[in-house]
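**Student:** Need a 3D model of the following:
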Amino acid sequence: MASPATLQSALLLQKQLKELSKHPVEGFSAGLVDNENIYEWEIMIIGPPDTLYEGGFFKARMSFPKDYPLMPPKLRFISEMWHPNVYPDGEVCISILHPPGEDKYGYEDAGERWMPVHTVETILLSVISMLSTPNDESPANIEAAKDWREDYPAFKKKVQRIVRRSADML
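**Tutor:** Model prediction:
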């Protein structure tokens with residue numbers, strides 16, 4: 001039998017999924033990977049207009065912990081991604097997906113980290129914003145951040161190639 005916390009998180013996720021189905025948000029779509037598992041979502045992020053990622057269609061997977069919303073989900077791009085804030089394995093590294101509380105390295109303020117008020121919508125809007133404005137101060141992908149800073153034309157060329165490939169995958 002599921003714990004009360006697990007039941008609560010499942011109900012909250014069902015509510016958020018239903019809300020996104022009724023009122024889609026521009027820039028992404030979300031659904032379940034498998035109708036039997038509310039904790040695994042398939043996401044499609046559309047490259048934001050006026051960014052290098054414009055025209056791209058990027059698949060991602062969002063995995064929620066059983067103690068959601070107390071703890072954040074993980075978001076990982078399945079599609080190829082070249083970005084300073086995305087690890088080479090596709091995992092997204094942004095403040096609101098970091099566990100709540102003080103940052104042991106002192107880099108992030110507790111107010112920038114995960115809070116239970118965040119929803120799938122606020123997370124994905126943050127990811128779309130991240131695509132528009134990378135944070136190269138604390139990169140997850142050192143090579144991408146180095147390209148971004150030191151060889152922007154090479155960075156741009158790699159992203160354009162990924163965007164073209166993503167559109168071909170549809």
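**Student:** mind listing what's buried in stretch 102-116?
**Tutor:** With burial defined by 16 or more other CB atoms under 10 Å, the residues of stretch 102-116 counted as buried are 113-114. Just so you know, the C-beta spots here come from the backbone N, C-alpha and C atoms, and that holds for glycine as well.
**Student:** Likewise for stretch 90-102?
**Tutor:** By neighbour count, and taking 16+ other CB under 10 Å as the criterion, the buried residues in stretch 90-102 are 90-98.
**Student:** How about stretch 61-81?
**Tutor:** 61-62, 64, 68-69, 72-73, 75-77, 79-81.
**Student:** So what touches stretch 128-138?
**Tutor:** Stretch 128-138 is touched from outside by 27-28, 45, 47-48, 50-51, 53, 83-85, 92-94, 107, 145, 148-149, with contacts defined as CB atoms under 8 Å, 6 or more residues apart in numbering.
**Student:** from the middle of its chain, how far away would it be?
**Tutor:** Mean C-alpha position of stretch 128-138 versus that of the full chain (CA atoms, centre = their mean, to the nearest Å) differs by 12 Å.
**Student:** First-to-last residue distance for that stretch?
**Tutor:** Using CA to CA, to the nearest Å, one end of stretch 128-138 lies 18 Å from the other.
**Student:** Go through that stretch and flag the buried ones.
**Tutor:** For stretch 128-138, the buried set under the neighbour-count rule, 16+ other CB under 10 Å, comprises 128, 130-131, 134, 136.
**Student:** would TSV of those with secondary structure and distance to residue 166 be doable?
**Tutor:** Conversion of the buried residues of stretch 128-138 to TSV gives the following (DSSP: H, G, I helix; E, B strand; the rest coil; distance: CB to CB, whole Å):
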residue	secondary structure	distance to residue 166
128	helix	15
130	helix	17
131	helix	12
134	coil	18
136	coil	22
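**Student:** Take those residues and write them to a markdown table, including pLDDT and distance to residue 157.
**Tutor:** Putting the buried residues of stretch 128-138 into a markdown table (pLDDT from 0 to 100; distance: CB to CB, whole Å) gives the following:
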| residue | pLDDT | distance to residue 157 |
| --- | --- | --- |
| 128 | 96 | 22 |
| 130 | 96 | 20 |
| 131 | 96 | 17 |
| 134 | 92 | 16 |
| 136 | 85 | 18 |
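**Student:** Ends of stretch 80-100, what's the gap?
**Tutor:** Counting by CA to CA, the length from the leading to the trailing residue of stretch 80-100 is 29 Å.
**Student:** ugh, typo on my part, it should be stretch 122-141
**Tutor:** 23 Å.
**Student:** and residue 42, what is it in contact with?
**Tutor:** The neighbours of residue 42, taking CB under 8 Å, 6+ apart as the test, are 30-33, 59-61.
**Student:** Understood, closing this out.
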